[in-house]
Structures are given as structure tokens and as C-alpha cells.
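**Q** can you look at this prediction? I've put the sequence above it.
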Amino acid sequence: MTSENADLKRMAEEDYKYGFVSDIEADQLPPGLSEEVVRLISAKKEEPEWLLAYRLKALARFSEMLAENGEPGWANIDYPAINYQDISYYSAPKAQVVLDSLDEVDPELLRTYEKLGISLEEQKRLTGVKVAVDAVFDSVSVATTFRAELEKQGIIFCSFSEAVKNHPDLIRKYLGSVVPYSDNLFACLNAAVFSDGSFAYIPKGVRCPMELSTYFRINSSGTGQFERTLLVADEGASVSYLEGCTAPMRDENQLHAAVVELVALDDASIKYSTVQNWYPGDKNGVGGIYNFVTKRGACRGKRSKISWTQVETGSAITWKYPSCILQGDDSVGEFYSVAMTNNMQQADTGTKMIHIGRNTKSTIISKGISCGRSQQSYRGLVKINPKAEGARNYSQCDSLLLGDECGAHTFPYLEVENPSATVEHEATTSKIGEEQIFYCLQRGLSEEDAVSIIVNGFCKEVLRELPMEFAVEAQNLLSISLEGSVG
Amino acid sequence: MLDIQNLHASAGDTPIIKGIDLHIGAGEVHAIMGPNGSGKSTLSNVLAGRPGYSVTQGEINYDGKNLLEMETETRAREGVFLAFQYPVEIPGVGNSYFLKTSLNAIRTHNGLDELDAMDFLALCEEKMKRVEMPSDLMSRSINEGFSGGEKKRNEILQMLLLEPKLCVLDETDSGLDIDALRVVANGVNSLRSPDRAMLVITHYQRLLDYIVPDRIHVLADGKIVRSGGRELAGELEEKGYGWIGQTE
Amino acid sequence: MRGGSRGNPAESWIQAFPAFAAALGDNPQRQAQRERALAAFGELGLPSTRLEAWRSTNLGTLEKRMPPAPTGHAPEAGLLEKAKTQIALEADRVGEASLRAVFIDGHFCSSLSSLPEDESAIRVLSIRPESPTPVAFPQGYGELAPAKRDAFSALNEAFTPGIEVLEFGEGCEIDLPVHLVFLSSGDGRLNCPRLHVTGKKQSRATLILDFLSVPDGENLVSSVTEIFLEERAHLDCVVAERESDRTVHIANLQARQGRESGLRIHTLTLGGALVRNELGVELADLGAELDLNGLYVGSGDQHQDNHTRVDHATPRTTSRELYKGILADNARGVFRGLIHVRPDAQKIDSTQSNMNLLLSPGARVDTRPQLEIYADDVKCSHGSTIGKLDEEALFYLRSRGLSPSEARAMLTRGFVAEICDALPLESLRTAITELVLEKLSACVHPGGEGVA
Ligand SMILES: Nc1ncnc2c1ncn2[C@@H]1O[C@H](COP(=O)(O)OP(=O)(O)O)[C@@H](O)[C@H]1O
Ligand SMILES: [Mg+2]
């Protein structure tokens, strides 16, 4: 082993910074998945009959799929079969009431968020850049800030449960319209047991004046988190949405199976940014979150645009393909991704760009960094349907390898059925440049800093797509995740 | 030779040329100058018949015929030659094979016999000397990996070979060092003749020290805003393009 | 094509086996081997599109035809006579060869072949029914394409009339090409040619695998070729597939490269109704270098599928891969290229590129370049493009007086030039380029509708 590799190893010992457990009383269902559990969740949330029916349909399909095919086998990930009966499907902080202001939030909860670096209080006081935050704790939305201010412009931003109560027509119209409940095993499960999440609706012609943001945290042990996010940008509307995630350190693997649906109508644009930092497990691969997420956006309208940006550093296993269905003529889909895996992490992530409308355009920029003994795959589909006259796609997937025990894999699928389309895909895989590191060392940087700046440079095209506040956080996160992987 | 009347043209859906009148008689050399983005390339593309450009108004008469009714290749065969601002690289297609095909297509159109490989080569060699082009460029793919200067020389070589009646040179001088500029200018000057018209598009006055035009036109925002004799070049050099808008 | 659903072809082949074996009259040792292969085939069955590797190629069409039948009989005189002219033509095209062997429906035809008298450079060690027992299998036989692993290798082993074994002797430099012609005679044949090639140390040779059929012949060809290159051996292997547009060809070619050996494989897929090339190369020792060139040109309803797998099993190995596809009419092209770098295989340099031109609205292409990298000191890249002819280039050519169809033809030829220029031996390059251009002219229609 080279000394560099030894150094990589030595540095891999950095602790997971967000791994504290909050001591909050939770209202939690016993483990198990059944029709009864689904009915209970629905009842707890005082849901209308149609939603319960929807959940039950999804549960039935889930059981069928599990029995027929088991878990999806095509991804390049490896994990013991999940026992869906061992998971608790509902956990809510006790004393859950509909909250109008932060003053009513359990102070312990607020402290938790502060530890995460997301002070809701502070967010309120912030002037200049404003971020409206919906915080989801385990599966329940606990606080939404700035609501009043948003309402003035007709923007709806609230927890999913509230939306079901207050805006049932919108939910009914759009729920499952992008990701059908039967889409895949994990989407089925989510549709059956989702407990909360965020909902946003931006009315016609409105540019949302601030970033909307949701922070997700899994807290209770033995629970899964199954949140559901739905964003609708009506004609000419635009919104930028941020999503952050953390979880405490636990020995067992916890399941996170979220569904995100985006709908953009004519001339609307949605920018969805994620910094995913679920607990990745320890360096021996014990514990960590199974992050099996279905994210999909529909560019329904002409000239609509959906842009996904993700920085994925957490989770023991990531299985995630934020996608765009480019239905509207001249619509645009983008996917910018940084995925960093260390230790025993596994990630199989990428995107799908489905071109249906004429002159639709998509761009994919994916940067993967593998360290330790981790395995990472980019998997992406670009499909040009026969009617997608003049469609264009450009994809660039680069992988950087740090250490000789990790793996980086690239599996693009390009399917073109229209001769006027132009599709270009490029990928490279290489080791971090020794020359570059040496240059930095010679200029007095520590090896750690050298690797960190090189990695940040490698990811720049993606990081610059993030909103300002997030970009800084993402860079720090990358450095932290790298720590222990480089010397 | 070339008679442009009230020409309005769009690139895609964007109107770029907004009413141009221009008359170039046989034997004349005209220059068009103007700031970047003023529509110079658009005009040359319209003359050559590039797809994606549409004439919304006006007429172009070339050698007694309606130019706008002709296909791109018919214009070329009838003697319209555009030296591209950005000559296209075409991997896999040999330069000399291409030139021979092109020359013979034009000869056939004009009722001449096709040149065989030997005659073509001899002709080619002679012209290549004139533009000081290394012979290995002929065996390479069209413009592929050529330097900026080599590409422009290749354009002039084609022009010498094809002996067009109307030569349109779109910023052939840009990016050339002084030697290459001289070579290009010599090539152009050698083609000056009483039955040939030339339209030299340039951003800089420099080229006009070598190719002395009969008339100079200044193009700004899709219109000819000044026309004059060769002294106009000096004026432009001195004052830049900034003053044009004010005088109009 | 003959109509009507004919049920499961796999079943019919299993049933046809006894008659085939009886007609062939092979020795018990080979007979047992065939039976094992047949059993393996029965277990594996024909691959379905549910398998990732067959996702884009549906063999369902096989079921819609009369299942092609294997023949254990050597070609009869009439057939030989008919084939004679066609073979002469092809021989003419390729020109002088150091060895020319002709196989009709997989059976060796000595009357149409010319083998070298001097065996020092090329040795023919083929295993045919009349070979002495116990059979001397060449070293490595079946290791790269074992019957257990894939249905078509199994089918091939069960039904091949003989194992054709070629050995290029140590240190020999064979200047003239070795020309192997595999002719399918036509109606409803299952043909399973099997080839085993060894390049001994420091040998140097050029090999052409010429797959032909009689015009309109309807066949299933399941060919298997195993190539072993020893230390510093060099081989240029040209695979020319130009069977009738009613032929299904599943071509499995597997190679293993020794230290500092050089292998270049040129795969040209021009004919066939459905062609699947399964091409795998293991770079098994230090310093091995591999070049893969591929061209597929499809028109009509042709389906052409290239699956390549480059396995960098040892450090300091290099591979370069370039596949180009032109699809016209309703043709469909599929490319999957996997570059696999094993753990500890450091200092790998590997590039892959796949470029496709779609010429008509009905044409389509699926491409899947893949990198699977388990070592860190590597430089690997792949690129893939799908598009139409470059508008800029078309305009450039037209502005120099070329008609649209001339311009398109010139650009299309330019597109394939890189592949054709890489072909070995001047004479061969000329001959094959001619074939490619012939095929291209069938794709770039003079009217040129849809080809803008
Ligand atoms: N295909 C096109 N579509 C839209 N706008 C174009 C196109 N081509 C050129 N333009 C625009 O037209 C204007 C004039 O361009 P051009 O004729 O190239 O100017 P010049 O050659 O004088 O620099 C520029 O603003 C340019 O951006
Ligand atoms: Mg210009």
C-alpha cells in the first residue's frame, strides 16, 4: 500500500457530525406493515376516504410486487433483504398540534435543528436572503416558517397533511400524477405509508420571493421515514426549493423511502436542490440509512424547466434517480449531481431524461467521488421518443477515485428514436491527479486541504448550481466526508 | 453583377438585416465594415443560401437572375463563392477529393468537361503555391486540425480553383498574422478582373491596406449607415464604430 | 419470411439432435461432448429481453419462423457447384490468401479451399468426425465460450460439424491474409461454425472471417470463435458479416491476450436480418494492447446489436475501441460496450467511443457505454454520440456546388472512413471499403427524404 493510501485510510476516521439523538417524546407505532397500520396512519392524520383508498391500493400493489420480484435487483448495490415488518411506519413528536408559530414548537426540537445548523429562529430573523423552512422530523412536519409572507402572494407552502386538509383539490389532482403509486417497490411503499412531507403551490405568474426549504431528520430508532413532497409551479411561476437531510448514528439500518413529485406548467420553472447527508454508517459499514428515493419532475408545459441539483454524501446505500419527463415543447431538464461515497457506502444514482415534446433539451452533469471501500455507480437514461423532433441532450459523467479499494461505474443508457435528435455522452474515470496534489503540497497546503480543494474544483460545475447558502454548506460537507479518506 | 434591394432578413426568428440596398458592378470590389453583431455574416449567409436564414422582404439580383430562388449549390455553380468566417471541419473526407468533386460539379454545370485526377492535381499544385499551402494539407480531412491560418488559406485556395464570379469573403482576415494576411490578399488580388465582383467583409481596416476596395459600406444594426470611398476606412480606424450611431 | 407461429425453436433443435448426430457419425467422445452441450442448451433456453444483456434485442422473431434445422450432411455436389461462382467472386475480391478455407453450413469443403503445403507457419489442426480418437483438443478450448455459460455457445457446441483449429506458428510473419469463408446455403439452416485460433509467440497474421449466404437464404448462424494470443503475438482479425437480410447471426467471438500481445478486431456488420455480435476480450497479461473497430450499417428492417466487453484483468494493459453506426429506414442499432477494470489492475489506459448517425425517421439506436472500474490508477473514458449529419458541413459542401445528395453521401463516407482506414493490408482495405460503400449507397437514398 502506498503511503498515500495509508493516509487515505487514516483520515477515514472522522465522526459523523450530525449523529446525536434527540431526546424527544415520540408517538410511535409498533413495527409492522399491514392494512391496519395504513388505516391507522390515515386515521391519525384525519384523512379523507379517497386518500385512504389510494394508500390501500398502493399497499396491495406493494405486497404483490414484493412477492413477485422482491426488491429491484438491477442496481449495482448489495444489501440484505429488508424485513418490512421490522420497521415502524409512524413516528411523530408527541404533543403534535397544528403550529402557527415557532413558539409552539417543542424547544428540544428547536435545539435539535440548531445543532444541525438550521436555526428556525434565526431563519426568521434573517434579513436579506430569506428561506422559508418546513421541517420534517421523523415523518411529521413540525414547523413552517414565513408562511404568512408567502400567502400574500398566493403561494401555498405547508406540510403535506395540512395541504390534504386545506387544499384537497390540488392534492387530489397532482398526487401520484408524476410518480404513480405503482411506479416501483419503494414508491408503492411510500404511497401506502407516507406520513408527511411538504407541499408547495406557486400560482400563475408568481416568482417565489424566497427559497423554500425542507429539512428532514430521522430521529427515532426502528422507524422508517416516508415523506412525500409535491411541488406545483403553475403557468409562468418559478421557485427554488432546498432539501436537507440528516439522521442520528444508529447501529441498525433505517429505511428512507421518499417520493418527490414536481409539476411545471407552461413557462414555469422549478429548481430543486438537495444536500443529502443521512447517516452513512460507520467505517465498517454498520448502520446507516438506506436511501431509496423516487424523485421525478414533469415538464408538462411548453418552455417549462426543471432542474435537479444534488449533493449526496450520506446514507449507507443511495438508490436515487431524479428524473425529468419533458412533455412540453421546448421544455428543459437538468441534472447536476455530486455523489461522494466513503468507507463502505454504496451509491447507485443518476437520472432519466425522457424527451417527448419537440425541441426539448436536457443536460446531465454528474461527478462521482469514491473513497475507502465504497462502490459508486452512475446510471442514467436518455430517451428520445419518436415525436421529440429536434431534441438535444448532453451528458458528462466524471468519476474520481481516491484509494485502491473503491469502485466507480458508469452505466448510461441512450435510446434514440428520432433522427433529428442530438445526443452526446462523455464519461471519464481517473484517479486524483498526483501532479495536482504535489503542486499544492509544494505551495504549502496540507494533503488534506489539497485533496479537498481538488475535489471541490472537480465538483465546481455542480456546486455553482446550488443556491448560495447551500453551496457553502455543500462544500463543507464534501470536506467533512472526505476527511478520513485522504491524507 | 449583384443588386440588393431593400433586403430584410432573419436568422431563425430574429430580424437581423433591416433594409439593405447594395449594388456591386462587375469588376468592382466593395468592402463592408461594421462592429461585431451588426449582421455582416448574416448578409453573407443570405447570399450563399444558408438554411435557417430567411429573407422577409426585398430582392437580390445576381447576374440577371433572381438569386433567392436558387438552391445553395446552384448559387455556387453559378459562381457565388463564400469564404467562410469559420470554415467547417469535416473529419473523414479528404480535402483533395472534396475539392475535385466540387470543381467538377461546377464545371459540369457550366458545360465543361470534368478534370481527371492528373489535371486536377496539376492545377491544384499551381494554386497551392500561390497561397503557400503545405501539400500535406491536401491529403488530410477537410479543415480537420488545420490552424486558423491554414483554414483561411484553404478557403482562398478553393476560391482560386473555382474561379467564381462573385466572391464574398467573410472576415477572412481575422485571426491571421501579417504573413498569412499578405498571402490571402495576394490571392484575392490575383482574382480581380473586369468580369468579377467582390464583397470583402472585415472588422478591421488592416485588410483594406492590401485589398483596396472601390467602395466601403458601414453596417450597423442591420443597415448600411455610411457608404463612401476608400478614405472611409481611415476615418473608421481613427474614430472607431462608436460615432456611427450619432451621425445617423 | 415464412409466416405463421412455429412454436419454440429450442424444442425443435433438441428434437433434431439425434438425426443430426446420426448423419454426422462423430466419435463417442465428441458425441458425449455434444450431448452435454445440448443439455446445457436445454437448461439455458433462448435468452429473453428480460435479461439485461438482451434488453434491446428480441429473439421472439425466431419463434415466428420455421425453426431452422441443423444438417449433419456435408454439402452435396449440386450445392458445391452453385457455391463455386460465389466463392470465386469473394476470393477475387480479397485477392491472394495464404490460406483459404470454405465452410458451407459449417462443413469444411476441401474442393473449394486451398490450404498451404508448408505447415511451418499455419497449422490446421481441425477436429472433424474423421479425426482420430482420443480427440486432441487445442489448449484452452471452450474456456472462453463455455457451453455452460451461454445458450448460443451451447447450441454451437452441440451442432457444429467440426472444430476448426488454426495455429500461427511461433515467430512466423504471415503476410497474406488467412481467408475463412462461412457460407450459409439457404433455406432454413441452423449453422454452427466453430473456430479456435492460436497465435503462438511472436507470430503475426491477418485473419478474415467472411460470413456470407446465398442471396435470400434464410438461416440462423450461431458462430463461436475463440482466439488465444501468446506472448508478443499480433493478430488483425476482420469479421465481415454480409449475409442475406433474412439471416439471423449470433456471433460469439472471445479472445484472451498474453503478455505484450496486440489484437485488433474489425467487425463490419452490413448484412443480416438480426445480427448480434458478442465480443469479449480478456487482456490477461502485462502490456497487452487491444484495438476494437466496429461498423454497423443498417437499412430496411435490419437489427444490428454489438455487445463488447473489454476485461482489463492485469495491470498496464491498453484498449481503444471505436464503433460507428449508420441506421437508415427502419433499421435499429444497439451498442453496449463494457470496459471492466479488475481490482489491482493498475495503470490501465482505456478509451471507448460509439458514434451513430440516424438517417431516417424510422431508424433508432440504443447505446450503452459502460465503465466498471475497480482499480484507481486508471485513465478510462467513453463517449457516445447520436445524431444526424452535421448541418454546417452539409451547407459547406453545398456552398461549394455539391448537390444535397452528393453532400450527404460524402459526409456519410467521411463518417465511416476512420473505420475503413484502420483495416489491415492495402488490398483488404480497398476490398472491404468497397463493400461498405456499396451498402452505404443503399442507405443514402438519392432522393434523400428524411436525410437532412
Ligand atoms: N442563427 C441565428 N439565430 C439567432 N440569432 C442569430 C443567428 N445568427 C446570428 N444571430 C445574431 O444576429 C446578429 C448578427 O450576427 P452576425 O451576422 O454574425 O454579425 P457579424 O458577422 O456582423 O458579427 C448577432 O446578434 C447574432 O447573435
Ligand atoms: Mg461575422
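**A** Ah, there it is. Just so it is clear, the structure is predicted and the values come from calculations on it, not from any experiment. Numbers count the residues shown, from 1 in each chain, chains lettered A, B, ... in the order given. Ligands and ions are numbered 1, 2, ... in the order given.

**Q** where are the low-confidence patches of the chain?
**A** No chain was given, so I picked chain A. A:1-26, A:92-145, A:217-222, A:245-251, A:469, A:483-487 (pLDDT under 70).

**Q** can you look at chain B instead?
**A** B:242-248.

**Q** where do the helices sit along it?
**A** Here chain B has its helices, by DSSP state H, at B:40-48, B:72-77, B:95-109, B:117-130, B:136-139, B:148-162, B:178-191, B:206-210, B:231-239, B:242-247.

**Q** and the fourth one, how far from the chain's centre?
**A** In other words, helix B:117-130. In terms of Cα atoms, centre = their mean, to the nearest Å, the centre of helix B:117-130 is set 22 Å apart from its chain centre.

**Q** equivalent analysis for the fifth one, please.
**A** In terms of Cα atoms, centre = their mean, the centre of helix B:136-139 is set 23 Å apart from its chain centre.

**Q** just the buried positions in it, please.
**A** B:Leu137, B:Met138 (16 or more other Cβ atoms under 10 Å in any protein chain shown). C-beta coordinates here come from the backbone N, C-alpha and C atoms, glycine included.

**Q** can you show me the CA trace of that helix as CSV?
**A** Presented in CSV, the C-alpha positions along helix B:136-139 are these (Å, rounded to 0.1, in the frame of the first residue of the first chain):
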residue,chain,number,x,y,z
ASP,B,136,0.1,17.6,-46.9
LEU,B,137,-3.0,19.6,-46.2
MET,B,138,-4.5,18.2,-49.3
SER,B,139,-4.3,14.7,-48.1
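
**Q** still on that earlier bit, can I get the helices of chain B in CSV including distance to ligand 1?
**A** Converted to CSV, these look like this (distance: least, Cβ to the nearest ligand atom, whole Å):
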stretch, distance to ligand 1
helix B:40-48, 3
helix B:72-77, 16
helix B:95-109, 25
helix B:117-130, 27
helix B:136-139, 26
helix B:148-162, 16
helix B:178-191, 18
helix B:206-210, 15
helix B:231-239, 14
helix B:242-247, 13
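
**Q** could I get those as a markdown table with distance to chain A?
**A** Shown next, in a markdown table, are these (distance: least, Cβ to the nearest Cβ, whole Å):
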| stretch | distance to chain A |
| --- | --- |
| helix B:40-48 | 20 |
| helix B:72-77 | 20 |
| helix B:95-109 | 24 |
| helix B:117-130 | 35 |
| helix B:136-139 | 28 |
| helix B:148-162 | 24 |
| helix B:178-191 | 33 |
| helix B:206-210 | 36 |
| helix B:231-239 | 40 |
| helix B:242-247 | 34 |
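
**Q** can you list these in CSV and add distance to C:Ser261?
**A** Listed next are those as CSV, based on distance: least, Cβ to Cβ, whole Å:
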stretch, distance to C:Ser261
helix B:40-48, 53
helix B:72-77, 50
helix B:95-109, 36
helix B:117-130, 41
helix B:136-139, 32
helix B:148-162, 39
helix B:178-191, 47
helix B:206-210, 57
helix B:231-239, 65
helix B:242-247, 68
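
**Q** looking at these, which is closest to C:Ile104?
**A** helix B:95-109 (39.8 Å; Cβ to Cβ).

**Q** starting at the chain centroid, how far to the closest one?
**A** So, by Cα atoms, centre = their mean, the centroid of helix B:95-109 is 18 Å from its chain's centroid.

**Q** can it be found next to chain C?
**A** Yes - counting by Cβ under 8 Å from any Cβ of the partner chain, chain C is contacted by helix B:95-109 at B:Phe98, B:Thr101, B:Ser102, B:Ala105, B:Ile106, B:His109.

**Q** just the buried subset of the residues you listed, please.
**A** Burial by neighbour count, 16+ other Cβ under 10 Å: within the residues of helix B:95-109 next to chain C this picks out B:Phe98, B:Thr101, B:Ser102, B:Ala105, B:Ile106.

**Q** burial of C:Glu130, as a residue count?
**A** Counted with other Cβ atoms under 10 Å in any protein chain shown, the neighbours of C:Glu130 add up to 9.

**Q** ignore the last one, C:Glu63
**A** For C:Glu63, using other Cβ under 10 Å, the count is 14.

**Q** wait, doesn't it sit right on C:Asn8?
**A** Yes - the criterion here is Cβ atoms under 8 Å, and C:Glu63 meets it with C:Asn8 at 6.6 Å.

**Q** for chain C, give the residue positioned nearest to ligand 2.
**A** Proximity of chain C to ligand 2 (Cβ to the ion) peaks at C:Glu392, 14.5 Å away.

**Q** so that residue: helix, strand or coil?
**A** Following DSSP: H, G, I helix; E, B strand; the rest coil, we place C:Glu392 in the helix state.

**Q** likewise for A:Ser213?
**A** What three-state DSSP gives for A:Ser213 is strand.

**Q** which strand residues bridge the residue lying closest to it once chain neighbours are set aside?
**A** Once flanking residues are discounted, A:Ser213 sits nearest to A:Leu242: 4.1 Å by Cβ to Cβ, 6 or more residues apart in numbering or on different chains. In this entry, A:Leu242 is beta-bridged to A:Ser213, A:Ser273, by DSSP bridges.

**Q** counting neighbours, what do you get for A:Leu242?
**A** Quick note: A:Leu242 (other Cβ under 10 Å) scores 23 neighbours.

**Q** can I assume it is in contact with A:Phe216?
**A** No - at 11.3 Å, A:Leu242 and A:Phe216 do not qualify as touching, with contact defined as Cβ under 8 Å.

**Q** which strands and helices lie in contact with the strand or helix carrying A:Val164?
**A** When elements are assigned from DSSP states H and E, A:Val164 belongs to helix A:160-166. Packing partners of helix A:160-166 (3 or more Cβ pairs under 8 Å, 6 or more residues apart in numbering or on different chains; DSSP states H and E): strand A:140-144, helix A:168-174, strand A:198-202, strand A:228-233.

**Q** C-alpha coordinates for it, CSV please?
**A** C-alpha atoms of helix A:160-166 as CSV (Å, rounded to 0.1, in the frame of the first residue of the first chain):
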residue,chain,number,x,y,z
PHE,A,160,-48.4,17.7,3.2
SER,A,161,-51.0,16.8,5.9
GLU,A,162,-52.2,20.4,6.1
ALA,A,163,-52.4,20.5,2.3
VAL,A,164,-54.6,17.4,2.3
LYS,A,165,-56.9,19.2,4.7
ASN,A,166,-56.8,22.7,3.3
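
**Q** tell me which residues in that helix are buried?
**A** Buried residues in helix A:160-166 (16+ other Cβ under 10 Å): A:Phe160, A:Ser161, A:Glu162, A:Ala163, A:Val164.

**Q** cool, stretch B:72-82 as well?
**A** For stretch B:72-82, burial by neighbour count (16+ other Cβ under 10 Å) applies to B:Thr72, B:Glu73, B:Thr74, B:Arg75, B:Ala76, B:Arg77, B:Glu78, B:Gly79, B:Val80, B:Phe81, B:Leu82.

**Q** want to try TSV for the residues you listed, with distance to ligand 2 as columns?
**A** Listed next are the buried residues of stretch B:72-82 as TSV, based on distance: Cβ to the ion, whole Å:
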residue	distance to ligand 2
B:Thr72	19
B:Glu73	23
B:Thr74	24
B:Arg75	19
B:Ala76	20
B:Arg77	25
B:Glu78	24
B:Gly79	23
B:Val80	18
B:Phe81	17
B:Leu82	12
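
**Q** what's the closest of those residues to C:Ala83?
**A** B:Glu73 (46.1 Å).

**Q** no further queries at this time; thank you.
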